[in-house]
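> with the sequence up front, the predicted model follows.
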Amino acid sequence: MTDSKYFTTTKKGEIFELKAELNSDKKEKKKEAVKKVIASMTVGKDVSALFPDVVNCMQTDNLELKKLVYLYLMNYAKSQPDMAIMAVNTFVKDCEDPNPLIRALAVRTMGCIRVDKITEYLCEPLRKCLKDEDPYVRKTAAVCVAKLHDINAQLVEDQGFLDTLKDLISDSNPMVVANAVAALSEIAESHPSSNLLDLNPQSINKLLTALNECTEWGQIFILDCLANYTPKDDREAQSICERVTPRLSHANSAVVLSAVKVLMKFMEMLSKDLDYYGTLLKKLAPPLVTLLSAEPELQYVALRNINLIVQKRPEILKHEMKVFFVKYNDPIYVKLEKLDIMIRLASQANIAQVLAELKEYATEVDVDFVRKAVRAIGRCAIKVEQSAERCVSTLLDLIQTKVNYVVQEAIVVIKDIFRKYPNKYESVIATLCENLDSLDEPEARAAMIWIVGEYAERIDNADELLESFLEGFHDESTQVQLQLLTAIVKLFLKKPTETQELVQQVLSLATQDSDNPDLRDRGYIYWRLLSTDPVAAKEVVLAEKPLISEETDLIEPTLLDELICYIGTLASVYHKPPSAFVEGGRGVVHKSLPPRTASSESTESPETAPAGAPSGEQPDVIPTQGDLLGDLLNLDLGPPVSGPPLATTSVQMGAVDLLGGGLDSLMGDEPEGIGGPNFVAPPAAAVPANLGASMGSGLSDLFDLTSGVGTLSGSYVAPKAVWLPAMKAKGLEISGTFTRQVGSISMDLQLTNKALQVMTDFAIQFNRNSFGLAPAAPLQVHAPLSPNQTVEISLPLNTVGSVMKMEPLNNLQVAVKNNIDVFYFSTLYPLHVLFVEDGKMDRQMFLATWKDIPNENEAQFQIRDCPLNAEAVSSRLQSSNIFTVAKRNVEGQDMLYQSLKLTNGIWVLAELRIQPGNPSFTDLELSLKCRAPEVSQHVYQAYETILKN
């Protein structure tokens, strides 16, 4: 009879009956009772009351019964820690049992009981098992060390288990070596700074020897460990590659991908001139091709990894195009991924068969796949110039099918082809115009409008076509409205006499009737340009456009290098570094490819700089402490952190520069521009009343700095610095600084879109930080950010967010999300933005507090060459909320006694001694006392910043 009978009982007094059976003298009855207990535990019943009775059954020679009892023990030890101590003696005894299976079982169970009280009792048995004569026991004990380290890291280090683990790397048994490597790797991941896996050529040799003999999962552990090693020169890299290459023919796909990862990493160090380099490229292709004959789920993982490999080294698979052709029964996710790789591998040699294949796909039934296939044809045209003509004629054939979504996708990609090859294929515009009425998707409509505006002089009825779009202007998406505004202005500049009414109409719609600030701003700028300087308008609006690049969706090079180091892991499937989706501090070490050796530098182009090269003095982008940024993909879903309301300005100052002297001249008499005297200036009503400007004086007072919009005189504000370069954020550049005004902290951001696509859906989130800084409101970008557009935003902050001590103390880790991706950066905020307005202590309190704080908390600093005297110093510091409590002169030296208070209530007391030097510069001696002395260094930096700027 099967074990299912144990799950069918429904008796009332079950626990009492089981108790009696567990204490029975008959071994068989005991075993049956334990099986019933485990069955009840498995279906979720609480059988913890039987703990002492089950533990008594441990004293047995029967291996099956022992396993069952140990299973029960692992489950309930945490809820019954005091009872679990009863089992310790049995563990110690079992670790010396003559049967190695029982010894291993005992040590494995010990590692799974996560109870602090018991942990210290288990050290001695574990030490014996690590040196056991049987390799099965040693390999189990090695994994147990990693589990124990997770419970109590300090204990493991004190007991010297880490050194024993390192010794096991030299073990004679390959499985012991593999488990020792796995355990050390696991521990090293949770302590990135510790150099546990101190790999050297000797230990690498031992790992490579073990590689040939251990199980497939053991091989994966060893290969992953090898991938973290950096060979000292190209000769050693080649030697390792030669010994890893046989793993490429393994039956397990995980082993194959781990071997590919090692080879891809070490190839960086090989010169391209070497014969071996060419041989290695040839050897890498067949195993990757073989992975594509597995089941669809495995194929998908393989394809995501191949996508990365092809971006790094397309030459590996350049002759294997046919394996990426789509099969009729492939699932959609495999089809789309194959399509992506086909484009990456497209070249002059294979473009004919690729295009024939893509044309076939464009007649499929799956809409998503067809759309991507049509886009792929356009990408081929842009990538392989010789094929452009054939691609355009293929797209025209597809447009003739009149299938709505095919036509729309074709128009979108033809727009890109025009951008890449100007004045070459414009003869097809007539065909495109015939399909104008069938366009209902914003992207296709915007593309068609762009084409009509750009080539207005070649289209006789361009004004009629654009006018047809204008009829439903307010129902269009923002993308279409912006494109329509620009296209009509282009048309007006090319045919001024015929289209004056049309341009007047669109400018009026954009400025008076629209509540979209982007559209309004663009409308005003065009209006201003057209009415004041027609020549400048022509130069701006009809400027020569840069050619678009062939691959706009390539992964940014430093990220690609990092992802290559994660081949075969989840990061390579998501195409995101682990820090983007792993919570907590584990497994988020920044990895990068090894720098190229001197011998291979000559063959590399200057672009391929070593990935690990430092760039600027920015703090680390990848956080290592505490929880990471939570669920970053849902950044904008949660409400903003509540906090005190902060004063925010309703007008952005960016408009001042764009429009010269403000918009006031629009309100009065205009000089005659292109449209002659009939060109009407925008009426005053065009300006939304909620801007709070008095219309009597035009718009000039909107930009009057005295009306409270500009920066109030207050604490020092550092100039904006670039926090996130466009290179690292797919074209989004973020600059910023921090300000404090009238008790409100703000992060002043400048977002610039340097990509070729519109950016929308912005959101921002901070990681936990030392002072609980958090956004007090969502990130408000009121309209899509078009290419080459910059927007300035003031993000109000509060200090009621989660707190976690950072290193350095003023480090702030930020995630910004938009429609393209989630991006991360770190920045250091100046501490003086946290100095509060009520930071002035009275004299008695100052004296008492100074005496009360222990002397060891006092820190001394020097500020050299300060260009201010005592009065000026006191005044300058007071504007940043550092208050002078008292002042006296001792032997010709001015002494200032000052206090300040941080947002979290910490007081800092200061004694500032001003030594008269030469007339223009003085040296200052600063003594700081604080109950949290780690703050002192940052307060000193704030003093220096404020006084020297």
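Structure's in. What do you need? Residues are numbered from 1 along each chain as shown.
> please identify the buried residues of stretch 420-437?
Across stretch 420-437, burial judged by 16 or more other CB atoms under 10 Å covers 420-421, 425, 428-429, 432, 435. Yep, even glycine has a C-beta here, placed from its N, CA and C like the rest.
> sitting in helices, which of those residues do you find?
420, 429, 432 (DSSP state H).
> what sits against the second one?
I take that to be residue 429. 451, 455, 458-459 (CB atoms under 8 Å, 6 or more residues apart in numbering).
> swap the cut-off to 10 Å and go again
Residue 429 makes contacts with 414, 418, 448, 451-452, 454-455, 458-459, 462, as judged by CB atoms under 10 Å, 6 or more residues apart in numbering.
> against residue 457, how distant is it?
To residue 457, residue 429 is 11 Å away according to CB to CB, to the nearest Å.
> same question, residue 301
52 Å.
> which one of these two is surrounded by more residues?
Set residue 301 next to residue 457 and count neighbours by other CB atoms under 10 Å: residue 301 wins out with 19 against 11.
> give the contact list for that one.
253-254, 257, 291, 294, 337, 568, 570, 572-573 are the contacts of residue 301 under CB under 10 Å, 6+ apart.
> okay, now the unreliable bits of the stretch 701-850 of the chain?
Within the stretch 701-850 of the chain, the stretches with pLDDT under 70 are 701-714.
> now the stretch 101-250 of the chain
192-195.
> can you pull out the helices in it?
116-119, 123-130, 135-151, 153-158, 161-168, 174-190, 201-211, 216-227, 234-244 (DSSP state H, counting those that start in this stretch).
> hang on, the earlier thing: what subset of the contacts of residue 429 is buried?
Buried members of the contacts of residue 429, counted by 16+ other CB under 10 Å: 414, 418, 448, 451-452, 454-455, 459, 462.
> looking at the residues you listed, which are in helices?
Short answer: those in helices (DSSP H) are 414, 418, 448, 451-452, 454, 462.
> make JSON lines from these and add distance to residue 178 and pLDDT to it.
Output for these, formatted as JSON lines (distance: CB to CB, whole Å; pLDDT from 0 to 100):
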{"residue": "414", "distance to residue 178": "56", "pLDDT": "88"}
{"residue": "418", "distance to residue 178": "58", "pLDDT": "86"}
{"residue": "448", "distance to residue 178": "61", "pLDDT": "90"}
{"residue": "451", "distance to residue 178": "61", "pLDDT": "89"}
{"residue": "452", "distance to residue 178": "66", "pLDDT": "88"}
{"residue": "454", "distance to residue 178": "62", "pLDDT": "87"}
{"residue": "462", "distance to residue 178": "71", "pLDDT": "84"}
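> output those residues in JSON lines; the columns should cover distance to residue 327.
Converted to JSON lines, those look like this (distance: CB to CB, whole Å):
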{"residue": "414", "distance to residue 327": "29"}
{"residue": "418", "distance to residue 327": "34"}
{"residue": "448", "distance to residue 327": "35"}
{"residue": "451", "distance to residue 327": "36"}
{"residue": "452", "distance to residue 327": "41"}
{"residue": "454", "distance to residue 327": "40"}
{"residue": "462", "distance to residue 327": "45"}
